[in-house]
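S.K.: Give me coordinates for this.
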Amino acid sequence: MRILLLTHSFNSLAQRVYCELAELGHELSIEFDIGDEVSLDAVALFAPDLIVAPFLKRAIPESIWAKHVCLVVHPGIVGDRGPSAQEPLRCSSGVLFVLHAQLQRAKADLLPRGARQQHLTGRRRRRQAVDGHPGIMRFGRPAATWDARSDPNPSIMESDVGVSNQTGHEPVNRAEDPPAGFSERLERHGLWWILLVSATAMGGMVTIREAAKLLDLPLRGATCAIQGYGNVGGFAHRLAHDLFGLKVVAVSDEFGGIYCEGGLDPEVVSAHMRRNGKVGGCPGSEAIGNAELLELPVDILIPAAIENQLTAANADRIRARIVAELANGPTTPEADQVLTEKGVYIIPDFLCNAGGVTVSYFEQVQNAYNYYWTEDEVHQRLDQKMTKAFYSVHEMAQRKDVHNRLAAYLVAVDRVAKAMKLRGWV
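M.R.: Okay, here's the model as predicted:
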């Protein structure tokens, strides 16, 4: 199929979608969605059979979705409230898993062109409006079916924004003809999902611990603010409190935040969140805005929500000593430069939040030889991996006299280059 990737940025999700689709033999083109005119020109020039949007920050123009089948993998436009109970899977592995199923249904050779066009037009009309945005198509339960006969090694699910325990179970719950030995995988998936949703925060805590050592910052009693109270932010609050004795003075979600100078109890906030669907109004706290939270005079700031929260507009007012990026891309390049010049210690996102994908890798390793570790063993190995990764970045930053984000990129590129040399590619 001719597939146009329409994306706001070529992030890790977009890169993986591109590689997976290319490996499946599809003809691909990429266009950055910076405006209607650019996107319209890209569609006209490439004439795609299908448009896939791995990551968007605005709605697809009606002039495009009205004429072409559009699959939105990771919507992030105004009004998007995440997947509903019937429409799961925004995580990278799950998205590719479901995307492949959707592509199999829409393959050009399954139906004559006229019949296929009629079928797709009907489906487009049925899904004309999702969450107030016409033309956005989500992935539903029927697509989340794994066929073990054709793929004995399924993709490992990863925790992400809006993904719950229930939606994380969907592919394994719907497995068809599981192979011998797969029953234990299903049996243990509940434990693994608990580990996965906490692993991103746990990995971040390891990097915060090591950064505090370098800065000679005692963690017990140090102050912290957390933006975002989903899988990552909620666990970050609990772990920061329980492991280090951090005083978390402020947390927030999409509706706003709360503040308490004496510190917020994670048990109280979590219970209030479960009852009310938001942190606002939690007993013993006062209301605070998301923007105000970021500028609090705390020792550690943890952006654990969405991208582009620390920008050129507010970077000079950030007063934290450590910024631990548990969210993806919370700091813009302009803010990164300002914060670095101010002496703020930034733990870049693809180091700080790597705990989730690391534990996903652990699950894949254990599935491969059908032997499973205890929860303590998982945490021990995660600690070792994250600590090693942290000091690899720190030592590179010191050796090259660069900031941590650039050092992390240098470490990553250096590893790839060495692997290519060993394989004789270069």
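
S.K.: all strands for the chain, in order.
M.R.: Assigned strands in the chain, in chain order: 2-7, 27-32, 50-53, 70-72, 129-130, 133-134, 223-227, 247-253, 256-259, 286-288, 300-303, 322-324, 345-347 (criterion: DSSP state E).

S.K.: of all those strands, which gets the most neighbours per residue?
M.R.: Of all the strands of the chain, strand 300-303 carries the top mean neighbour count, a mean of 29, counting by mean count of other CB atoms under 10 Å. Quick note: C-beta positions are derived from backbone N, CA and C, even for glycine.

S.K.: which residues sit against it?
M.R.: Contact with strand 300-303 is made by 204, 208, 222-228, 233, 236, 240, 246, 294, 309-310, 318, 320-327, 330-331, as judged by CB atoms under 8 Å, 6 or more residues apart in numbering.

S.K.: in its sheet, what does it sit against?
M.R.: Looking at strand 300-303 with DSSP bridges, its partner strands are strand 223-227 (parallel), strand 322-324 (parallel).

S.K.: JSON lines for the ones you listed, including distance to Gly262 and mean pLDDT?
M.R.: Converted to JSON lines, the strands paired with strand 300-303 look like this (distance: least, CB to CB, whole Å; pLDDT from 0 to 100):
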{"stretch": "strand 223-227", "distance to Gly262": "11", "mean pLDDT": "97"}
{"stretch": "strand 322-324", "distance to Gly262": "21", "mean pLDDT": "97"}
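
S.K.: and these as a markdown table, adding distance to Cys70?
M.R.: Shown next, in a markdown table, are these (distance: least, CB to CB, whole Å):
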| stretch | distance to Cys70 |
| --- | --- |
| strand 223-227 | 31 |
| strand 322-324 | 36 |
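
S.K.: Compare those and report which one is nearest to Ala42.
M.R.: Smallest distance to Ala42 across the strands paired with strand 300-303 (CB to CB): 34.2 Å, for strand 223-227.

S.K.: just how off-centre is the closest one within its chain?
M.R.: 20 Å (CA atoms, centre = their mean, to the nearest Å).

S.K.: same question, stretch 19-26
M.R.: 22 Å.

S.K.: Do me a favour and get the end-to-end distance for stretch 398-409?
M.R.: 14 Å (CA to CA, to the nearest Å).

S.K.: Pull the residues that contact it.
M.R.: Contact with stretch 398-409 is made by 336, 340, 345-348, 350-351, 393-394, 396-397, 410, as judged by CB under 8 Å, 6+ apart.

S.K.: Output the residues you listed as TSV; include the columns pLDDT.
M.R.: Converted to TSV, the contacts of stretch 398-409 look like this (pLDDT from 0 to 100):
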residue	pLDDT
Asp336	92
Thr340	93
Tyr345	96
Ile346	96
Ile347	96
Pro348	94
Phe350	88
Leu351	93
Val393	95
His394	96
Met396	95
Ala397	95
Leu410	93
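
S.K.: What is the nearest of the residues you listed to Leu4?
M.R.: Leu4 lies nearest to Phe350 out of those, by CB to CB, at 26.6 Å.

S.K.: hmm, back to that, out of the strands paired with strand 300-303, which comes closest to Glu23?
M.R.: Checking the strands paired with strand 300-303 against Glu23 by CB to CB gives strand 322-324 as the closest, at 34.5 Å.

S.K.: ok so, going back, now the strands of the chain as a markdown table including distance to Val269?
M.R.: Shown next, in a markdown table, are the strands of the chain (distance: least, CB to CB, whole Å):
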| stretch | distance to Val269 |
| --- | --- |
| strand 2-7 | 35 |
| strand 27-32 | 39 |
| strand 50-53 | 34 |
| strand 70-72 | 32 |
| strand 129-130 | 31 |
| strand 133-134 | 31 |
| strand 223-227 | 10 |
| strand 247-253 | 6 |
| strand 256-259 | 7 |
| strand 286-288 | 13 |
| strand 300-303 | 14 |
| strand 322-324 | 19 |
| strand 345-347 | 23 |
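
S.K.: Between those, which one is closest to Val426.
M.R.: strand 27-32 (24.7 Å).

S.K.: Centre of the chain to that closest one, how far?
M.R.: Offset of strand 27-32 from its chain centre (CA atoms, centre = their mean): 22 Å.

S.K.: Each with direction, which strands does that strand pair with?
M.R.: In the sheet, strand 27-32 lines up with strand 2-7 (parallel) (DSSP bridges).

S.K.: pull the helix or strand with minimum mean pLDDT from this structure.
M.R.: Lowest on mean pLDDT, DSSP states H and E among the helices and strands of the chain sits strand 129-130, with a mean of 35.

S.K.: Wait, Asp349 touches Ala324, no?
M.R.: No: using CB atoms under 8 Å as the test, Asp349 is too far from Ala324 to be in contact (9.3 Å).

S.K.: And Ala320, how close does it get to Thr200?
M.R.: Look at Ala320 and Thr200: by CB to CB, to the nearest Å, they are 20 Å apart.

S.K.: and what of Leu239?
M.R.: Counting by CB to CB - Leu239 and Thr200 are separated by 11 Å.

S.K.: before we move on, the earlier item: I'd like to know which of the contacts of strand 300-303 are buried.
M.R.: 204, 208, 222-228, 233, 236, 240, 246, 294, 309-310, 318, 320-327, 330-331 (16 or more other CB atoms under 10 Å).

S.K.: Next, format the contacts of stretch 398-409 as CSV and append distance to Leu422.
M.R.: Output for the contacts of stretch 398-409, formatted as CSV (distance: CB to CB, whole Å):
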residue, distance to Leu422
Asp336, 33
Thr340, 34
Tyr345, 34
Ile346, 32
Ile347, 30
Pro348, 27
Phe350, 23
Leu351, 24
Val393, 22
His394, 25
Met396, 20
Ala397, 25
Leu410, 19
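
S.K.: Please name the bridge partners of the spatially closest residue to Val251 that is not a sequence neighbour.
M.R.: Residue nearest to Val251 in three dimensions, not counting chain neighbours: Ile226, with 4.7 Å by CB to CB, 6 or more residues apart in numbering. Assessed by DSSP bridges, Ile226 has beta-bridge partners Val251, Ile302.

S.K.: just to revisit the earlier point, which of the contacts of strand 300-303 fall in helices?
M.R.: Among the contacts of strand 300-303, DSSP state H puts 204, 208, 233, 236, 294 in helices.

S.K.: Closest one to Arg274 out of those residues, please.
M.R.: Nearest to Arg274 among the ones in helices among the contacts of strand 300-303 is Gly233, at 14.4 Å by CB to CB.

S.K.: Domains in this structure, by residue range?
M.R.: What the record gives for the chain is the domain set 2-173, 195-417, from automatic domain parsing.

S.K.: And the ones you listed, which one averages the lowest pLDDT?
M.R.: Comparing mean pLDDT across those, the weakest is domain 2-173, with a mean of 61.
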